[in-house]
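Asker: pasting the sequence and the predicted coordinates here, then a few questions.
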Amino acid sequence: MHNNNWLLWALLVAAIAGIFCGWFFGHSMLAIEWVGELFLDALKMVIIPLIVAAVISGIASLGGASGGLKRLGGLTVGYYFCTTAIAVLLGLIIVNIIQPGAGITEVSQVVPDRVSGKEETGFVEIIRSLIGDNIVASAAETKLLEVIVFSILFAAALTTVGERGKPLVAFFEGMNDVMIKIVVWIMYFAPIGIFALISSKLGDSGGGEHFWREILGVGKYMLTVIIGLTMHFFVLMTILLIVSRRGRQFIATMSKALITAFGTASSTATLPLTMECALEANVDKRAVKFVLPLGSTVNMDGTALYEAVAVMFIAQAYGIYMTPTDQVVIFITATLAAIGAAGIPEAGLVTMVIVLTAVGLPMEGIGLLLAVDWFLDRLRTTVNVWGDSVGSTVIERICFR
């Protein structure tokens, strides 16, 4: 992979310019929203073929259903579970210290439209989302967890047919290389796309003046989330430094993916670039092909932390005391739901509904958060992608070094 420092600086400038223009020009920036959507569509276009090719070729190199796959899969899921649990615990500690919901006098009495109909979602639906009855439909609807499960089963079976499977393995290895090359081409247009996405989204929220009023209303809540996400970012950095000597060099290489995550607010859309950056950082391709696609769907450190803070904020705003037992329930449900809810549409919102339901809090409370959720979504997505990236290095050190 060649060095693209110019692209990193271009992305930084684009993100800052997007915030500036969206803040001062407001709704007029909606005129270029289509440019950002076009960039997003280009990234989404390569996601399914890239995941299928990467997972199948990566697992095939491990020997399919052998002990290598079992160990890799078990360690990956175990690592993601641990870091998600750490994120939730960190969020609960910080929200109890800062108490951002204390003193809130105006609370919502209406269940937001985006929440209606999701109250019945539970862990049964999450488990069922692992398997799709039509893999073509799953791919068309970008249900990545179903696609990944199918790809794992396909790769495991492929390695059991001996010589007859080798042409297919070679095909998917070549397909993976081609998809990565297309990602490189798409990223030449990333600065324009990131600028359009950020400026139009901020403009759609009413511009800087309106956004500032929203900050004043729930500023303490935003500050709590930002502090928590920042601390967890450095927790992950500490893990990285313990298992690897990459440190600053690694985060510099991954910066393009992190800025893109902030711009797109989607770890799924960022996945192609995350994989490309990880390969550029010399992470073993076997870890990249398996750990990162799985991480983009089940590893939501930032989202899990955000959900814990948001649920406690809602309880504080409504004057409902959360006992230690209630907070243990929040810890367990937020951790499990964040890992399992990837196959459900609007996964972050569904996760919050599950946690609120588990502790008996009102769904109307979500209305307090929606005005600033679009901004916090970008921050937690950035932490999600960072968690995936660190995970690929940790698993590489354990399994391949």
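Answerer: Thanks, I have the structure now. Computed from a predicted structure; not experimentally measured.
Asker: from here on, contacts and neighbour counts on C-alpha atoms
Answerer: Noted.
Asker: for the closest residue in space to residue 300 that isn't next to it in sequence, give its distance to residue 270.
Answerer: Nearest residue to residue 300 in three dimensions, chain neighbours excluded: residue 384, at 5.2 Å (Cα to Cα, 6 or more residues apart in numbering). When Cα to Cα, to the nearest Å is the yardstick, residue 384 and residue 270 sit 11 Å from each other.
Asker: element containing the residue nearest to residue 300?
Answerer: Using DSSP states H and E, residue 384 maps to helix 370-399.
Asker: now for the closest residue in space to residue 393 that isn't next to it in sequence: which residues touch it?
Answerer: Leaving aside its sequence neighbours, residue 393 sits nearest to residue 283 (Cα to Cα, 6+ apart; 6.3 Å). By Cα atoms under 8 Å, 6 or more residues apart in numbering, residue 283 lies in contact with 392-393, 396.
Asker: tilt between the longest helix seen in the chain and helix 370-399?
Answerer: Taking DSSP state H as the criterion, the chain has its longest helix at helix 207-243. With axes from the mean of the first three to the mean of the last three Cα atoms, to 10 degrees applied, the angle from helix 207-243 to helix 370-399 works out at 20 degrees.
Asker: next, the buried residues of the following helix or strand past helix 207-243.
Answerer: Downstream of helix 207-243, the first helix or strand assigned by DSSP H and E is helix 248-264. For helix 248-264, burial by neighbour count (16 or more other Cα atoms under 10 Å) applies to 250-264.
Asker: what packs against helix 248-264?
Answerer: Applying 3 or more Cα pairs under 8 Å, 6 or more residues apart in numbering; DSSP states H and E, one finds that helix 248-264 contacts helix 5-25, helix 190-204, helix 267-280, helix 370-399.
Asker: of all those helices, which one is nearest residue 354?
Answerer: Of all the helices and strands packed on helix 248-264, helix 370-399 sits nearest to residue 354, with 17.1 Å by Cα to Cα.
Asker: quick one: buried residues of that closest one?
Answerer: Applying a neighbour-count criterion of 16+ other Cα under 10 Å, one finds 371-372, 375-396 buried in helix 370-399.
Asker: same question for stretch 70-84.
Answerer: By neighbour count on 16+ other Cα under 10 Å, the buried set for stretch 70-84 is 72-73, 75-77, 79-81, 83-84.
Asker: and stretch 14-29, by the same measure?
Answerer: For stretch 14-29, the neighbour count (16+ other Cα under 10 Å) marks 14-15, 17-29 as buried.
Asker: what is the lowest-pLDDT residue among the residues you listed?
Answerer: Within the buried residues of stretch 14-29, residue 26 has the lowest pLDDT, namely 81.
Asker: quickly note the distance from it to residue 102.
Answerer: Residue 26 is 32 Å from residue 102, by Cα to Cα.
Asker: swap in residue 260?
Answerer: Going from residue 260 to residue 102 by Cα to Cα gives 35 Å.
Asker: pLDDT weak spots in this structure?
Answerer: Along the chain, segments meeting pLDDT under 70 span 1-4, 63-68, 105-126, 129, 207-210, 217, 340-349, 401.
Asker: swap the cut-off to 80 and go again
Answerer: The model of the chain has pLDDT under 80 over residues 1-5, 61-70, 103-130, 142-143, 205-217, 245-248, 336-351, 370-371, 400-401.
Asker: if I look at the residue of the chain positioned farthest from its centre, how far off is residue 170?
Answerer: Most distant from the centre of the chain: residue 163, at 38.1 Å, with distances by Cα atoms, centre = their mean. Relative to residue 170, residue 163 is positioned 12 Å away (Cα to Cα).
Asker: all strands for the stretch 51-200 of the chain, in order.
Answerer: For the stretch 51-200 of the chain, applying DSSP state E, counting those that start in this stretch gives no strands.
Asker: that one: helices as residue ranges?
Answerer: Assigned by DSSP state H, counting those that start in this stretch, the stretch 51-200 of the chain shows helices spanning 67-98, 123-128, 135-140, 144-158, 166-187, 190-204.
Asker: chain center to the third one: distance?
Answerer: Between the mean C-alpha point of helix 135-140 and the mean C-alpha point of its chain there is a distance of 21 Å (Cα atoms, centre = their mean, to the nearest Å).
Asker: for that helix, buried residues please.
Answerer: Across helix 135-140, burial judged by 16+ other Cα under 10 Å covers 138-139.
Asker: who are the packing partners of that helix?
Answerer: Secondary-structure packing of helix 135-140 (3+ Cα pairs under 8 Å, 6+ apart): helix 144-158.
Asker: tell me the angle the helix it packs on makes with helix 166-187.
Answerer: Computed by the same axes, to 10 degrees, the angle separating helix 144-158 from helix 166-187 equals 150 degrees.
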